[in-house]
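Trainee: Everything below, folded, please.
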Amino acid sequence: MKNKIKQYILFSGLTLVLTSCAVPKVSDIKKPLEIPMENNSVAPSTINISLKEFFTDSHLQLLFDEVVKANPDFLIAQQRLEIANSYLQRSKMALLPSLEVGAIVSADHYGKYTSEGIGNRETNATPGIPNSEKIGQDISPNYWLGAKSSWEIDAWGRLKNQKLAAQKRYMASAEGIKLLQVELFTNIAQLYYQLIASDKKLKIYQENLKLQQKAYEIIKAQREVGKATELAVQQFKAQNNSILAELEYIQAEIVSAEQAIASLTGKYGIKVQRNSELLPTQIGILNKEMNLSEIIHSRPDVAANYLVLEATQADAKAARAAFYPKINLDATIGLNSFNAEMLLKPTSLAAQLLGGFMVPIFNKGQLKHEFNIANKEQEIAFQTYQKSITTSFNELQTILEQMKIFEKVLQIKSEEVAALDKGIIVSNDLYLTGYANYLELINSQKSKLQSELERLQFQHENTQNNILLFKALGGKL
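Mentor: Have a look, this model is predicted:
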């Protein structure tokens with residue numbers, strides 16, 4: 001007996017050695033390209049501005065709260081996170097033995113000239129055998145009541161790595177929730193400040209319309225006394241109509257933005273309550289030294305991609321472990337009898353313990369392809385991770401540079417508007433005293449309007465840029 005056990009152990013060891021030689025290796029997780037060290041000095045404190053510290057507008061904060069409660073995409077993502085959690089819990093259960101409790105009832109009819117049929121007749125013909133031990137001739141029943149258990153011993157880490165992969169994907173889904181939340185908040189903020197920009201544009205046109213109407217009245221009065229022509233009157237009227245058309249178009253823009261906000265907040269239609277100021281430049285952030293590497297790797301999109309990369313490596317390790325022998329332990333215990341009256345007797349107790357050691361032979365081709373797929377998925381995940389780092393770095397650098405440029409442009413544009421405001425007063429005076437014609441008056445008003453609109457456009461773009469800065473910094477919620 002001992003010799004047989006030694007032979008079995010020797011055979012198992014030899015099988016394992018031969019199997020190991022044919023098992024491919026799993027690639028290590030690659031390191032991404034280093035982030036340039038220029039302007040990448042470590043600050044005494046990490047930039048960690050929360051959502052409500054960054055966006056202080058109370059009306060906008062209320063919209064953020066509504067998005068979290070009612071946005072369909074966000075609610076769907078939360079359900080997907082729960083699904084990922086269920087996959088994780090299922091993978092944990094795979095490490096534990098299974099246990100089933102139940103009953104089995106069967107009935108067999110054996111032919112007269114079968115070994116079972118002959119055996120049953122001989123048993124029944126045994127002298128002195130009690131009736132409880134006699135087997136039915138026509139129908140042989142079988143009753144079983146008990147429990148079955150099966151356990152795969154995870155000697156090579158296949159189940160453990162499957163659990164690790166599910167865990168990393170669950171964590172990636174959680175980061176995905178954060179990313180979706182940041183994107184929703186970013187979209188809401190962009191629409192909200194687009195509304196404020198439209199309000200400001202509306203006000204600019206309304207103020208310029210007043211100036212135009214005032215000039216129009218002057219021109220009409222001068223036509224009455226022969227100091228102006230009908231051509232001048234018609235040109236001022238056409239200019240007024242152009243502004244009136246723009247006012248109507250801006251109203252359409254406002255309605256469109258409000259409906260977009262309603263869709264994001266899960267409503268059928270709303271009038272958005274809002275303040276009147278655009279988001280200012282985050283000068284405090286511009287003046288800080290940043291650890292760009294830490295900022296980028298804390299972003300939810302980058303963090304999620306790294307977790308997926310770790311999950312794909314765990315998948316590859318699980319696929320590699322499938323090349324090794326599979327070790328199973330099966331156990332059965334219960335009451336078994338062909339006599340229903342004797343089933344619950346202690347003498348009907350039956351048990352079985354079975355150990356299995358199965359080595360994959362003919363399915364190795366399939367295992368190799370599965371491993372190759374897992375290995376390539378790991379490479380794809382790494383490239384996706386590297387792409388997210390590169391994109392995040394360039395996005396943040398672009399936003400920071402644009403913030404500096406917009407600050408300069410806004411200062412220049414403000415000076416230009418102030419100069420053109422004075423020009424309107426001068427042109428009116430010159431026209432009334434005969435030193436300027438009506439075309440110069442029209443051009444001065446057009447220039448003022450255009451300059452104000454351009455300044456507003458840069459203010460709006462600066463606001464949008466600052467909104468994207470929140471996302472680029474990782475979007476702390």
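
Trainee: Go ahead and flag the most central residue of the chain.
Mentor: If you average the C-alpha coordinates of the chain and look for the closest C-alpha using Cα atoms, centre = their mean, you land on residue 176, 2.6 Å from that point.

Trainee: Can you tell me the closest non-neighbouring residue to it?
Mentor: Beyond its immediate neighbours in the sequence, the residue positioned closest to residue 176 (Cβ to Cβ, 6 or more residues apart in numbering) is residue 304, lying 5.3 Å away. The C-beta positions use only the backbone N, C-alpha and C, and glycine is treated the same way.

Trainee: Quick check: which helices or strands does the helix or strand harbouring the residue nearest to the centre of the chain pack against?
Mentor: Residue 176 is part of helix 158-224 when elements are defined by DSSP states H and E. Helices and strands touching helix 158-224, as assessed by 3 or more Cβ pairs under 8 Å, 6 or more residues apart in numbering; DSSP states H and E, comprise helix 58-70, helix 72-93, helix 230-264, helix 300-321, helix 364-432, helix 438-472.

Trainee: Buried residues of the shortest one, list them for me.
Mentor: In other words, helix 58-70. Of the residues in helix 58-70, those buried by neighbour count under the rule 16 or more other Cβ atoms under 10 Å are 60, 63-64, 66-67.

Trainee: quick revisit: so what's the residue nearest to residue 176 up against?
Mentor: With contacts defined as Cβ atoms under 8 Å, 6 or more residues apart in numbering, residue 304 is in contact with 172-173, 175-176, 179.

Trainee: And residue 378, by the same measure?
Mentor: Residues in contact with residue 378 (Cβ under 8 Å, 6+ apart) are 27, 29, 309, 312-313, 315-316.

Trainee: would JSON lines of those with distance to residue 168, neighbour count and pLDDT be doable?
Mentor: Shown next, in JSON lines, are those (distance: Cβ to Cβ, whole Å; neighbours: other Cβ atoms under 10 Å; pLDDT from 0 to 100):
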{"residue": "27", "distance to residue 168": "16", "neighbour count": "12", "pLDDT": "85"}
{"residue": "29", "distance to residue 168": "12", "neighbour count": "15", "pLDDT": "90"}
{"residue": "309", "distance to residue 168": "8", "neighbour count": "25", "pLDDT": "96"}
{"residue": "312", "distance to residue 168": "9", "neighbour count": "24", "pLDDT": "96"}
{"residue": "313", "distance to residue 168": "9", "neighbour count": "24", "pLDDT": "95"}
{"residue": "315", "distance to residue 168": "10", "neighbour count": "26", "pLDDT": "94"}
{"residue": "316", "distance to residue 168": "13", "neighbour count": "26", "pLDDT": "94"}
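
Trainee: where's residue 57 relative to residue 67, distance?
Mentor: Noted for residue 57: a distance of 14 Å to residue 67, by Cβ to Cβ, to the nearest Å.

Trainee: hmm, I was thinking of residue 449
Mentor: 36 Å.

Trainee: what do you get for residue 26?
Mentor: For residue 26, the distance to residue 67 - Cβ to Cβ - is 41 Å.

Trainee: Where does pLDDT dip in the stretch 151-300 of the chain?
Mentor: 227-228, 286-287 (pLDDT under 70).

Trainee: where does the stretch 1-150 of the chain have low pLDDT?
Mentor: When the per-residue scores of the stretch 1-150 of the chain are filtered using pLDDT under 70, the ranges that remain are 1-22, 37-47.

Trainee: 80 - rerun?
Mentor: Of all residues in the stretch 1-150 of the chain, those with pLDDT under 80 make up the ranges 1-22, 37-49, 118, 120, 122-125, 128, 131-134, 136-138.

Trainee: ranges for the helices of it?
Mentor: 2-21, 51-54, 58-70, 72-93, 115-124 (DSSP state H, counting those that start in this stretch).

Trainee: Quick one, which of these gets closest to residue 411.
Mentor: Across the helices of the stretch 1-150 of the chain, residue 411 has its closest neighbour in helix 51-54 (23.3 Å, Cβ to Cβ).

Trainee: hmm, back to that, closest to residue 201 out of the buried residues of helix 58-70?
Mentor: Here the nearest of the buried residues of helix 58-70 to residue 201, counting by Cβ to Cβ, is residue 60; it sits at 19.2 Å.
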